[in-house]
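Trainee: with the sequence up front, the predicted model follows.
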Amino acid sequence: NSRGAASLLKDTIPIVELSASGPFEGLDLLRRGFTSVKNELMPSHPLELSEKNFQLNQDKTNFDTLRNIQGIHAPLRLQMEFRAVKQVQRLPFLHSSSIALDTLRGNNECIGFEDILNDPSQSEVMGEPHMMMEYKLGLL
């Protein structure tokens with residue numbers, strides 16, 4: 001009967017991935033977050049994928065227009081500035097407003113849905129600062 005019980009336990013209890021620290025630790029929620037079936041599903045509406053990539057599509061259209069008007073140097077310079085601005089951030093456990101990126105895109109004067117209802121500084125989730133810095137520096 002022990003063989004039947006082992007197969008029953010194998011079917012009902014999910015086997016979690018063990019961390020490198022030890023065999024008795026569970027999933028690393030700090031690095032991987034919670035698992036969700038929603039993340040693995042396809043978009044439920046045809047426009048959902050378009051909305052997720054809206055900013056990327058808008059940037060691409062703006063770069064194409066700028067290239068046609070001013071030449072190849074203008075979008076290359078702007079892309080270089082975007083990369084430089086994206087690298088400057090606060091510590092991982094503090095919210096970074098990305099005001100320089102918004103200014104480059106021209107979104108600094110626009111008030112959108114995310115400005116009012118999606119304020120990460122008022123989020124209930126706060127990681128441990130030391131762990132987050134060690135992970136960012138590659139020490140973990």
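Mentor: Arrived safely. Numbering: from 1, shown residues only.
Trainee: low pLDDT regions in this structure?
Mentor: Residue ranges of the chain with pLDDT under 70: 1-43, 118-126.
Trainee: helices of that one, residue ranges please.
Mentor: For the chain, helices defined by DSSP state H occupy the ranges 2-12, 29-32, 37-40, 46-52, 54-70, 73-87, 99-105, 113-117, 129-137.
Trainee: could you dump those helices into CSV and include mean neighbour count and distance to F93?
Mentor: For the C-beta atoms, the positions are set from N, CA and C on the backbone; glycine is no exception. Output for the helices of the chain, formatted as CSV (neighbours: other C-beta atoms under 10 Å; distance: least, C-beta to C-beta, whole Å):
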stretch, mean neighbour count, distance to F93
helix 2-12, 9, 37
helix 29-32, 11, 11
helix 37-40, 7, 23
helix 46-52, 10, 26
helix 54-70, 12, 25
helix 73-87, 13, 18
helix 99-105, 15, 19
helix 113-117, 8, 21
helix 129-137, 13, 5
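Trainee: H45 and F54: what is the separation?
Mentor: 14 Å (C-beta to C-beta, to the nearest Å).
Trainee: ugh, typo on my part, it should be E114
Mentor: Distance from E114 to F54, by C-beta to C-beta: 12 Å.
Trainee: ok, R90 next?
Mentor: 25 Å.
Trainee: and L47, by the same measure?
Mentor: In terms of C-beta to C-beta, L47 sits 10 Å off from F54.
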